[in-house]
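Peer 1: Okay, structure incoming, though there's no sequence with it:
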């Protein structure tokens, strides 16, 4: 049983080292296969009227603020969010263009901030994974040393084996979570683009 734990730990450390080598050298803590793009580029998601005159003014409009919060949330299906946007803009006949600009400015700020939070979280996890890999490596060496003794202390061997098993499980759980969360920034990009397109179609 113990040799399996050691083998699993060594495999984990090797995989971790390979992942670190494969990271973009500009962003050493970035754990995803997808290239890191720190911020969403406005021209990439918005081809509507310039937003220079609205900036953070969307926060002063309670209706816009409420709709931004509602439609930016990824738990709301995209088609429902687009429907909410169309209904809101349809009721803003007096100044539909301004309403659309305020709405998109709010979505852009909100989703960009959410995206940054997710990406910062991923990098924090990556740093924890490096620390965890170092602990696993050290404990693996210590366990091998204990087992190599002429009269191994079985209690210490068992305790360290259990600790190593627990550490590798945590590491693997984090790695699975990271793989899933790595898809989130792209999903946010796509949502912002789709909502921006819905706004543009309604105000044009």
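Peer 2: Sure thing, it's come through. Not measured: the values here are computed from a predicted model.
Peer 1: What residues sit buried inside stretch 169-181?
Peer 2: 171, 174-175, 178, 181 (16 or more other C-beta atoms under 10 Å). (Glycine included, C-beta is placed from N, CA and C.)
Peer 1: State which helix of the protein is the longest.
Peer 2: helix 96-148 (DSSP state H).
Peer 1: between the next helix or strand after it and helix 96-148, how big is the angle?
Peer 2: Per DSSP states H and E, helix 96-148 leads on to helix 154-181 as the next helix or strand towards the C-terminus. Angular relation of helix 154-181 and helix 96-148 on a 0 to 180 degree scale: 160 degrees, by axes from the mean of the first three to the mean of the last three C-alpha atoms, to 10 degrees.
Peer 1: who are the neighbours in contact with the closest residue to residue 33 other than its chain neighbours?
Peer 2: Distances taken as C-beta to C-beta, 6 or more residues apart in numbering place residue 182 nearest to residue 33, at 7.0 Å, with adjacent residues excluded. Listed by C-beta atoms under 8 Å, 6 or more residues apart in numbering, the contact partners of residue 182 are 31-34, 122.
Peer 1: still on that earlier bit, need the buried residues of stretch 169-181 in a markdown table (columns: pLDDT and distance to residue 91).
Peer 2: Listed next are those as a markdown table, based on pLDDT from 0 to 100; distance: C-beta to C-beta, whole Å:
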| residue | pLDDT | distance to residue 91 |
| --- | --- | --- |
| 171 | 91 | 52 |
| 174 | 90 | 46 |
| 175 | 90 | 48 |
| 178 | 92 | 43 |
| 181 | 94 | 37 |
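Peer 1: Save the residues you listed as a markdown table, and put in distance to residue 127 too.
Peer 2: Shown next, in a markdown table, are the buried residues of stretch 169-181 (distance: C-beta to C-beta, whole Å):
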| residue | distance to residue 127 |
| --- | --- |
| 171 | 13 |
| 174 | 11 |
| 175 | 14 |
| 178 | 12 |
| 181 | 15 |
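Peer 1: Out of those, the closest to residue 110 would be?
Peer 2: Taking C-beta to C-beta as the measure, residue 110 sits nearest to residue 181 out of the buried residues of stretch 169-181, at 18.7 Å.
Peer 1: measure that closest one to residue 125 for me?
Peer 2: Taking C-beta to C-beta, to the nearest Å as the measure, residue 181 falls 8 Å from residue 125.
Peer 1: Need the overlap of contacts for those two.
Peer 2: Counting by C-beta under 8 Å, 6+ apart, nothing touches both residue 181 and residue 125.
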